[in-house]
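K.L.:
after the sequence you'll find the predicted model.
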Amino acid sequence: MQDYILSQTAATLQRSVMRDLMALAVSPDILSLAGGLPASEVLPGQEFSQSLERVLSRDGAAAMQYGPPWMPLREWIAGFMRGKGVACSAENIFITNGAQQALAILSRLFCDPGDTAVIEAITFTGVQQVTLGRRLNVHTVPTDLDSGVDVGALEHAFRTHRPKLAVLIPNFHNPMGVTISREKRERIVALAAEYRVPVVEDDPYSPLRFMGEAMPPLKAMDEEGMVFYIGSFSKMLMPAARLGWIVGPAELADRITVLRESIDLESSQLIQRAVHDFVQEGRLEAYLDRLNSTNLRRRQVLMQALETHFAPLGARWTKPEGGLFAWITLPEHIDAWQRFETAVQQKVAYIPGAAFAVQGGHRNTLRLNFSNITEEHIREAIRRLAQVFSAA
Ligand SMILES: Cc1ncc(COP(=O)(O)O)c(C=O)c1O
């Protein structure tokens, strides 16, 4: 074995505990609430294969070549964002390979190692990878389970730490399922402008709303250009498209483009064109209807099962109006991390909430995914989990 001397970044970057846990939970006899995947049976296989065929016969070699970001797709995304109230045109849209790459680019755009970034104390592990994982100095703020990030704490962090970047997940938070309230959104945009802190609005989930009233993006309220919106086709169409986008100022196009090129040159021409074909044929609406009605049914079954089996344990949970996740808080003395192995022995899996906790703790919490498991299996999984958590 060679003694390699690794970069500090490579040596510091933590393996995502979540990926390890999910690897444990893939065996087919396990009822898994651990993933974050759309329902496999709903994915638009047939329609997308038609888009692929159409693009290949229409564009031939150009669809298989290197090429600049596909302008018709940028234009479509700009229209989609205008539909959400964001004033933008194609020159404001930067295509990436998924939201994760957009996070990596924006982290590099604003921060060098040692710079300060503000993130939520409980957040998606990918947000931790592009901040802690890049050796940024991370300051965390708490999140209210009803109304989203604590804006008082955010203001305090902006005032006292003068961060170079903040990253928030506004809709159907991963992992907590919560959505930032309208009042808080206005406040966050005002704080970004007042303290000149670029706020990344990481929003892969807003198209997955299955009930309640849509919220305007932070970016729609941003008159000072301090909000950087991230969207993704992963959750609204298919993860394997590996396509996302940033909405940002055209004047940063050159910097964003070189940063992106330094990572992986460009996105696939074939996939960009096929995704564009799919959406401009008007197929997205029908697909989202199918996806969201499946998610809603599963969410309702989960909520009922929690009421039946978890309420007697003294547990509380978030009630998401969209997205893929609910967040459960058990009584303090129940350690969801420690009970994970027992759960897997009982053929049921979840992600312990502590896996998302930037500074540890929160061992009495867990994240449950309801999108890629049948209604019958949700009922049975929750029944088994209640037994695991009620055992002395
Ligand atoms: C909040 C959040 N941001 C970003 C991502 C990464 O998404 P993508 O597949 O578009 O890279 C995810 C994926 O689960 C997520 O939950």
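P.N.:
Alright, I've got the coordinates.

K.L.:
where exactly do the helices run in the stretch 201-350 of the chain?
P.N.:
233-236, 253-264, 269-280, 283-309, 340-345 (DSSP state H, counting those that start in this stretch).

K.L.:
which residues are in contact with the first one?
P.N.:
Contacts of helix 233-236 from elsewhere in the structure, counted by CB atoms under 8 Å, 6 or more residues apart in numbering, are 38, 98-99, 204-205, 207-208, 241-244, 275, 284, 288, 291, 323-324. Any C-beta I mention is one placed from the backbone N, CA and C, and that applies to glycine too.

K.L.:
which members of these additionally contact the ligand?
P.N.:
Contacts with the ligand within the contacts of helix 233-236, counted by CB under 6 Å from any ligand atom: 98-99, 204, 244.

K.L.:
now that we have those residues, which one has the most neighbours?
P.N.:
Neighbour count (other CB atoms under 10 Å) singles out residue 204 as the most crowded of these, with 27 neighbours.

K.L.:
any idea what sits nearest the residue in the stretch 1-150 of the chain positioned nearest to the ligand, other than its immediate chain neighbours?
P.N.:
Proximity of the stretch 1-150 of the chain to the ligand (CB to the nearest ligand atom) peaks at residue 98, 2.7 Å away. The shortest distance from residue 98 to any non-neighbouring residue, by CB to CB, 6 or more residues apart in numbering, is to residue 244 (4.5 Å).

K.L.:
now residue 249
P.N.:
Nearest to residue 249 is residue 225, by CB to CB, 6+ apart, at 5.1 Å.

K.L.:
return a ChimeraX selection command for the buried portion of the contacts of helix 233-236.
P.N.:
Remark: buried members of these, expressed as a ChimeraX selection using 16 or more other CB atoms under 10 Å:
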select :38,98,99,204,205,207,208,241,242,243,244,275,284,288,291,323,324
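
K.L.:
and the contacts of helix 233-236, which of them are in strands?
P.N.:
residue 244 (DSSP state E).

K.L.:
ok, residue 287 - contacts?
P.N.:
Contacts of residue 287 by CB under 8 Å, 6+ apart are 42, 44, 47, 237.

K.L.:
and residue 366, helix, strand or coil?
P.N.:
Put simply, residue 366 is strand when judged by DSSP: H, G, I helix; E, B strand; the rest coil.

K.L.:
wait, it sits on residue 334?
P.N.:
No. Counting by CB atoms under 8 Å, residue 366 stays clear of residue 334, with 9.7 Å between them.

K.L.:
higher neighbour count, these two?
P.N.:
Neighbour tally, residue 366 and residue 334, criterion other CB under 10 Å: the higher count belongs to residue 366, 31 against 20.

K.L.:
which residues sit in contact with the more buried one?
P.N.:
Applying CB under 8 Å, 6+ apart to residue 366 gives the contacts 327-328, 330, 336, 350-353.

K.L.:
if you set the cut-off to 6 Å instead, what comes out?
P.N.:
Going by CB atoms under 6 Å, 6 or more residues apart in numbering, residue 366 touches 328, 336, 350, 352-353.

K.L.:
show me which of those residues is closest to the ligand.
P.N.:
Closest to the ligand, out of all of the contacts of residue 366 and judged by CB to the nearest ligand atom, is residue 353, at 14.8 Å.

K.L.:
what bridges to the closest residue to the closest one other than its chain neighbours?
P.N.:
Distances taken as CB to CB, 6+ apart place residue 365 nearest to residue 353, at 2.8 Å, with adjacent residues excluded. For residue 365, the beta-bridge partners are residue 329 (DSSP bridges).

K.L.:
you'd agree residue 365 is up against residue 329?
P.N.:
Yes. Under the criterion of CB atoms under 6 Å, residue 365 makes contact with residue 329 at 5.3 Å.

K.L.:
those two - which one has more neighbours?
P.N.:
residue 365 (26 against 19).

K.L.:
how near is the more buried one to residue 389?
P.N.:
From residue 365 across to residue 389, the span is 12 Å (CB to CB, to the nearest Å).

K.L.:
equivalent analysis for residue 57, please.
P.N.:
55 Å.

K.L.:
do residue 130 as well
P.N.:
Distance of residue 130 to residue 389, computed by CB to CB: 33 Å.

K.L.:
and residue 180, by the same measure?
P.N.:
For residue 180, the distance to residue 389 - CB to CB - is 29 Å.
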